[in-house]
Every structure is written in C-alpha cells, then in structure tokens.
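Engineer: Okay, predicted coordinates and the sequence, questions at the end:
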Amino acid sequence: MFLNDSVNSVRLTDEDLIASVGQGDNRAFEELVKRYKNRLINFIFQIIGDREASEDLTQEAFVRVYRHAHRFREGATFSTWVYTIASNLAKNELRNRARRPYFSWGQGTKRDEDDSFDPLSLIGDESQRPDKISENKELTEALFAAVGSLNRKYKTIFTLRDLQGLSYEEIARILKIPMGTVKSRVNRARSALKEAMQPYFDEVGMIFRSSKQQRSEKEEKSVNE
C-alpha cells in the first residue's frame, strides 16, 4: 500500500503508515516524521535538557524506525514502539554524559518560538490557570525550571503522560515497569511540580489582585466624577 495523496495519508493510522514504510514507501515515512518529530524532540528534551542534542537523537530515532520498519509487529502500537526507541536513545545519551565531568541537566534549555509545547498543560488546578498567564514568558520559564528540577524518573514519566498524552499502559510498556508504578510516579511528579510552582502562582495572584483593585478604584472614581 503506497500513498497516492495527502488526503490518504491523513486518513491512515500510524500502524498503516509503518506497514507501508516497511514496503519501501517514503511518503508514508515522511508522514510519520511529520506526526511525531516535534513530540519526540520535546520528549527527549525533557529527559536530557539539551535542545540541539534532542533534535539529533530524534533524527537517529527516525533512522532506526526506517531501517527496522519491516520488523514492526502486526497488532503492536507504533507510538509505543517509537517512544521506546526515543527513550532508550535518551537514556544512553545521559549515560554518556555522566562520564563527562561538566555536564548538568538544563544546558540549552531555551526552546524555539515555534515549539508546540503548551505550558498550561503542566498545571492541573484550574483555579490557578488564568487565561492571561498563557502568553506570559515568565510562566513558561518557571514551568521549565520546575520540570527540570524533577528527579529523572519522574521527569520522564511526567513528560510521557502529561505532555505527550500517552496512556498508563503505553508508558508501562515503554519503560518496562508495572502500571501501578507508573500511576504512582505520575502522581508524585504532579505533586512535586505543583509544590515547585506554588511560589510563582502566589506572586501572580498578588499581581492580579492588585491590578483588579486598581481598576476597581479607577472605575469608582470615574463614577463619582
């Protein structure tokens, strides 16, 4: 099955596409890259903290996908397979960097302006998600700093669940750990992140209350005049 047009590619599942890649269909491979490139870059970045290296490792992940497409098992889930590849590459990168004396997580943590990462997806409490914060650069920086401060095992599992949207079952298969462990780590990661972000929201809340009070006083003064 080869792709004839862009409409067909949109309708096909990931599993249909990887089957076509296994038959030598380059357009199917391009469609998979389009669907997963940014997601894998963001995932690997959350693990190693290096944007440029994340892009390189994502490229390597797709090279492996292309080379081993014919080995993809029927009935398997492509997202689980590709995230497993990316996770292993990221872990290997960390092992290599651990041998270098001056590496620390957080190098190159600036993201491009066109990144698809949504910082508000990190915040679970709706009461602390004012719409006006969504474009606030300080929020984004604070969130990345908070995620970066997480223990690596929590950072990885949090990224897979809350940033990439994978199911608990998929994460358990990718990381080869029990589902109960996945749920426990996700909850602990969320709690740690909420605690790390609380000082920021306390400060933002004070700013909003002050701004609201100023507007109220201004409106009252206008009415009295």
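Structural biologist: Thanks, I have the structure now. As the structure is a computational prediction, the values presented were derived from the model and not from experiment.

Engineer: where does Gly75 land in three-state SS?
Structural biologist: coil (DSSP: H, G, I helix; E, B strand; the rest coil).

Engineer: separation between it and Trp81?
Structural biologist: 12 Å (CB to CB, to the nearest Å). C-beta coordinates here come from the backbone N, C-alpha and C atoms, glycine included.

Engineer: Of those two, which one has the most company?
Structural biologist: Trp81 (20 against 6; other CB atoms under 10 Å).

Engineer: For the residue lying closest to that one once chain neighbours are set aside, give me its contacts.
Structural biologist: With CB to CB, 6 or more residues apart in numbering as the criterion, Trp81 has its nearest non-adjacent residue at 6.5 Å, and that residue is Phe72. Applying CB atoms under 8 Å, 6 or more residues apart in numbering, we find Phe72 in contact with Glu15, Ile18, Ala19, Gly22, Phe78, Trp81.

Engineer: Out of those residues, list just those in helices.
Structural biologist: Among the contacts of Phe72, the ones falling in helices (DSSP state H) are Glu15, Ile18, Ala19, Gly22, Phe78, Trp81.

Engineer: so what's Leu17 scoring on pLDDT?
Structural biologist: According to the prediction, Leu17 has pLDDT 95.

Engineer: Just give the closest residue to it, not the sequence neighbours.
Structural biologist: Leu17's closest residue in space is Ala28 (CB to CB, 6+ apart), at 4.4 Å.
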